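**Student:** Sequence and predicted structure below; questions after.
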Amino acid sequence: MVKTERLDKYIASRGLSTRSEVKLMLKRGEVTVNGKVVSDPALKVADDDMVTVNGKRISSSRYTYIMLNKPRGVVSASNDKRDKTVVDILPDELKRKNFFPAGRLDKDTTGFCLVTDDGDFAHSILSPARHVTKTYIARLSQPIDYEKAKKGFSDGVVLADGTVLLSAVLALLEDSDKPVFKVVIKEGKYHQIKRMFASFGATVIELDRVAIGGLPLDATLDRGEARLITENELKAIVENDERF
């Protein structure tokens, strides 16, 4: 049996507006269902119906998942009094109410930021028990003892405050006076990667997240650009994760 729900509830539950606002949209003729203008808020619709508001199709999903290539200087938050946030810089066509970043990137860290309105999904990929990996590219201020650091990362780095981290993967990508490393972690403590390298005597001068779980950042997205994440890509985050 096909599940249906009231049109006003269907639109409001996608985060576009309140049910009272939807009723005004219906009166103004701004809503269509399968190509026909409708005004009845009680009309029953299903997920496979094509519902549009002012010409824009409403997603059948109750939740939205966005891949954003975060630039420097943007805060990983829903709102901030001083700085622009990852929600602020989303293109207008992707914006919805109740968006937040699933996990935080430092203000000066760039790369893959997942923005959503699905709290359960965000919790599932951030939970330490789930161990969904996050992959970063880090450039350091100076060389370090690679073999020592590699073993230390694998064993679990002990931070300056005594915090013992979970095992992580470290790989040298560029051996120079400012070496570049790939880092794969499965937790997300405050300034974790910067503090990990600090324990080996180096400062992270550039940090870029390039993947969450088994989903890499879309290489066609420039800094500040964003796009929707497909259902298959969403599954890749948890099903095709890079395991240790």
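**Tutor:** Done, it's in. Residues are numbered from 1 along each chain as shown.

**Student:** C-alpha only now, for contacts and for neighbours.
**Tutor:** Noted.

**Student:** what's the weakest-modelled helix or strand in this structure?
**Tutor:** strand 56-57 (a mean of 80; mean pLDDT, DSSP states H and E).

**Student:** Name every strand pairing with whatever helix or strand comes next after that strand and say which way it goes.
**Tutor:** Where DSSP states H and E defines the elements, the next helix or strand beyond strand 56-57 is strand 65-70. Its sheet considered, strand 65-70 pairs with strand 110-116 (antiparallel), strand 226-228 (antiparallel) by DSSP bridges.

**Student:** hey, which of these is tucked in deepest?
**Tutor:** strand 110-116 (a mean of 25; mean count of other Cα atoms under 10 Å).

**Student:** I'd like to know the average pLDDT value across that strand.
**Tutor:** Mean pLDDT, computed over strand 110-116, is 97.

**Student:** List the contacts of F100.
**Tutor:** A77, S78, V87, V115, T116, D117 (Cα atoms under 8 Å, 6 or more residues apart in numbering).

**Student:** Dump the residues you listed to CSV, plus distance to G162.
**Tutor:** Below are the contacts of F100 laid out as CSV (distance: Cα to Cα, whole Å):
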residue, distance to G162
A77, 28
S78, 31
V87, 35
V115, 32
T116, 34
D117, 35
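
**Student:** Could you export the strands paired with strand 65-70 as CSV, including distance to E30?
**Tutor:** Putting these into CSV (distance: least, Cα to Cα, whole Å) gives the following:
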stretch, distance to E30
strand 110-116, 26
strand 226-228, 24
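
**Student:** so how far is the longest strand along the chain off the chain centroid?
**Tutor:** As assigned by DSSP state E, the longest strand anywhere in the chain is strand 204-212. Chain-centre distance of strand 204-212: 14 Å, with Cα atoms, centre = their mean, to the nearest Å.

**Student:** Tell me the buried residues in that strand?
**Tutor:** By neighbour count with 16 or more other Cα atoms under 10 Å, strand 204-212 contains the buried residues V204, E206, L207, D208, R209, V210, A211, I212.

**Student:** Same check on stretch 192-208?
**Tutor:** Buried-residue list, stretch 192-208, by 16+ other Cα under 10 Å: 193-197, 199-200, 202-204, 206-208.

**Student:** quick one: terminal-to-terminal distance for stretch 163-183?
**Tutor:** 18 Å (Cα to Cα, to the nearest Å).

**Student:** right, I mislabeled it, should have said stretch 129-148
**Tutor:** 28 Å.
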